[in-house]
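Engineer: Predicted model follows, preceded by the sequence.
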There are 2 protein chains.
Amino acid sequence: MSQQLLLNYISKYISLSKEEEAIFLSKISFRKYLKGQYLVQQGDICRFTNFVVSGCTRTFLVDDKGQEHIIMFGIEDWWVSDIGSFITQTPADYNVQCLENTSVYQFSYEDQEAMFESIPKLERLFRKLLERHLVSSQKRIVRGLSLNAKQQYQYFKDQYPNIEQRVPQYMIASYLGITKEFLSKLKKQLLQE
Amino acid sequence: MSQQLLLNYISKYISLSKEEEAIFLSKISFRKYLKGQYLVQQGDICRFTNFVVSGCTRTFLVDDKGQEHIIMFGIEDWWVSDIGSFITQTPADYNVQCLENTSVYQFSYEDQEAMFESIPKLERLFRKLLERHLVSSQKRIVRGLSLNAKQQYQYFKDQYPNIEQRVPQYMIASYLGITKEFLSKLKKQLLQE
DNA sequence: ATTAAAAGTTAATCTAGTTTAACTTTTTTT
DNA sequence: AAAAAAAGTTAAACTAGATTAACTTTTAAT
């Protein structure tokens, strides 16, 4: 069962008793989305935090000029949501869209609060996940400040070889903050070296 | 007393009883640093999480080419540390240096763990702080992807007018990921408009 | 008060990355 | 299987921002 995937993941951070696992599983629900569907839409309130079991998502926003900017991709074992919208239950800044058919475990804001009350260890889990997420977010900022486009692309290919294969190249360009034309150029350069 | 500053800050997120406040205060220590001193040094283990009571810090790294990149500034009411180093107690990627004489409340990793055990509400506090911090970190990434240098500089001046006044301009350039020369040019342009 | 060091400015030249536009390849739809 | 749509490539012209270097102003040290 795919529940085991989630429990395995959690066990890397905290250890739950069988009873606690049962309570946790009772609070979350499994759901499938089709390629193209949205888990969150810019302007809507983000109702759920989602743990990706299978599939692939992109988190992006459309700016004033109508340009799309991809903030992150989500694959197996990742959490996706508009966290700012989720924690304040106010309209989302970002869209989360499925790039493949995608299965998730999800829970609502109310469920999360209830979970944290009944099992404080889960609040610890999320505190730790947030810490790690923040660290990687800061590292991404540093890469933006210290690496040029080619170096950032190489880092991306290194770190996420599967994502590189699974998503359209123009989305990778967007994630890197460059144009698809320039990414094409970089790829050609890298082949020739 | 400056303890009140910290308690006021905390009360925005959770409410502690007098006893809990007393336990919390017993776990943290007040410390003063001089301008130029380091709270954390790249390569050392980050022993403390610091809450800035007064003064100003910069968090930065020196890359392979010897170039400095400023990741954030810290002023009154901000938390500063190398969080990645702190949570894993491994060598720090970043330096945190005082740009003014700076007073902080600080606690060690062990103190934090003990605090979270004795007062679970504090773990909630930090979970919520991390959520907010992550949201603003993501927004910074988005600005990096969607705004040009002039727009990012205007945003910075808007959001942090005091920091703009207090720190050297070349550090603001570094924070924005541009050269001091180009920042000079932008400032001239903005004056002429 | 003088000198030295650090910070900030200006301008010329250069380059990483954008824009535009035409074209090719791949994927999806009928 | 054809047609249409989406994705990817190439190349020429352009621009935001970097680099270099000389100079001015401010701050710190003797």
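Structural biologist: On my side now, so go ahead. Residues are numbered from 1 along each chain as shown, chains lettered A, B, ... in the order given.

Engineer: What parts of chain A come near chain B?
Structural biologist: A:61, A:63, A:67, A:69, A:71, A:83-84, A:87, A:93, A:116, A:120, A:123-124, A:126-128, A:130-135, A:137-142, A:144-146, A:174, A:177 (CB under 8 Å from any CB of the partner chain). For every residue, glycine as well, the C-beta is placed using N, CA and C.

Engineer: where does residue A:1 land on pLDDT?
Structural biologist: pLDDT for residue A:1: 65.

Engineer: among the residues of chain A next to chain B, which ones are buried?
Structural biologist: A:61, A:69, A:71, A:83-84, A:87, A:93, A:116, A:120, A:123-124, A:126-128, A:130-131, A:133-135, A:137-138, A:140-142, A:144-146, A:174 (16 or more other CB atoms under 10 Å in any protein chain shown).

Engineer: and residue A:40, what does it touch?
Structural biologist: A:46, A:59, A:81-82, A:85, A:92, A:94-96 (CB atoms under 8 Å, 6 or more residues apart in numbering or on different chains).

Engineer: Quick check, residue A:164 in contact with residue A:157.
Structural biologist: Yes. If you go by CB atoms under 8 Å, residue A:164 and residue A:157 touch, sitting 5.2 Å apart.

Engineer: what residue ranges in chain A score low on pLDDT?
Structural biologist: Counting by pLDDT under 70, chain A shows low-confidence ranges at A:1.

Engineer: biggest helix in it, by residue count?
Structural biologist: helix A:120-146 (DSSP state H).

Engineer: Kindly calculate the angle that that helix makes with helix B:120-146.
Structural biologist: 30 degrees (axes from the mean of the first three to the mean of the last three CA atoms, to 10 degrees).

Engineer: and the angle from whichever helix or strand comes after helix A:120-146 to helix A:120-146?
Structural biologist: Downstream of helix A:120-146, the first helix or strand assigned by DSSP states H and E is helix A:149-159. Angle, helix A:149-159 to helix A:120-146, by the same axes, to 10 degrees: 150 degrees.

Engineer: in helix A:149-159, what counts as buried?
Structural biologist: In helix A:149-159, counting by 16+ other CB under 10 Å, buried: A:149-150, A:152-153, A:156.

Engineer: Check whether stretch A:146-165 comes into contact with DNA strand D.
Structural biologist: No. Residues of stretch A:146-165 contacting DNA strand D under CB under 7 Å from any atom of the strand: none, with a closest distance of 9.2 Å.

Engineer: anything in that stretch near DNA strand C?
Structural biologist: Yes. For a cut-off given as CB under 7 Å from any atom of the strand, stretch A:146-165 has contacts with DNA strand C, namely A:148-150.

Engineer: surely residue A:6 meets residue A:103?
Structural biologist: No. Using CB under 8 Å, residue A:6 is not in contact with residue A:103; the gap is 11.0 Å.

Engineer: list residues touching both of these two?
Structural biologist: The contact lists of residue A:6 and residue A:103 share residue A:53, where a contact means CB under 8 Å, 6+ apart.

Engineer: Could you tell me which residues of chain A lie near DNA strand D?
Structural biologist: A:168-171, A:180-181, A:183-185, A:187-188.

Engineer: Go back to the residues you listed and keep what's next to DNA strand C.
Structural biologist: Answer for these near DNA strand C (CB under 7 Å from any atom of the strand): A:181, A:185.

Engineer: can you list contacts of stretch A:96-107?
Structural biologist: A:2-3, A:6, A:27-40, A:48-60, A:73-74, A:80-82, A:115, A:166-167, A:171.

Engineer: Next, the buried residues of that stretch.
Structural biologist: Result for stretch A:96-107 [16+ other CB under 10 Å]: buried residues A:96-99, A:102-107.

Engineer: Just give me the closest of these to chain B.
Structural biologist: Distance ranking of these against chain B, using CB to the nearest CB, places residue A:96 first at 12.7 Å.

Engineer: Backbone torsions only: list them for the closest one.
Structural biologist: Residue A:96 has phi and psi values of phi -120, psi 120 when expressed as degrees, to the nearest 10.

Engineer: before we move on, back to that, export the contacts of residue A:40 as a markdown table, with columns for secondary structure.
Structural biologist: What follows is the contacts of residue A:40, written out as a markdown table (DSSP: H, G, I helix; E, B strand; the rest coil):
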| residue | secondary structure |
| --- | --- |
| A:46 | coil |
| A:59 | strand |
| A:81 | coil |
| A:82 | coil |
| A:85 | helix |
| A:92 | coil |
| A:94 | coil |
| A:95 | strand |
| A:96 | strand |
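
Engineer: Fine by me, thanks again.
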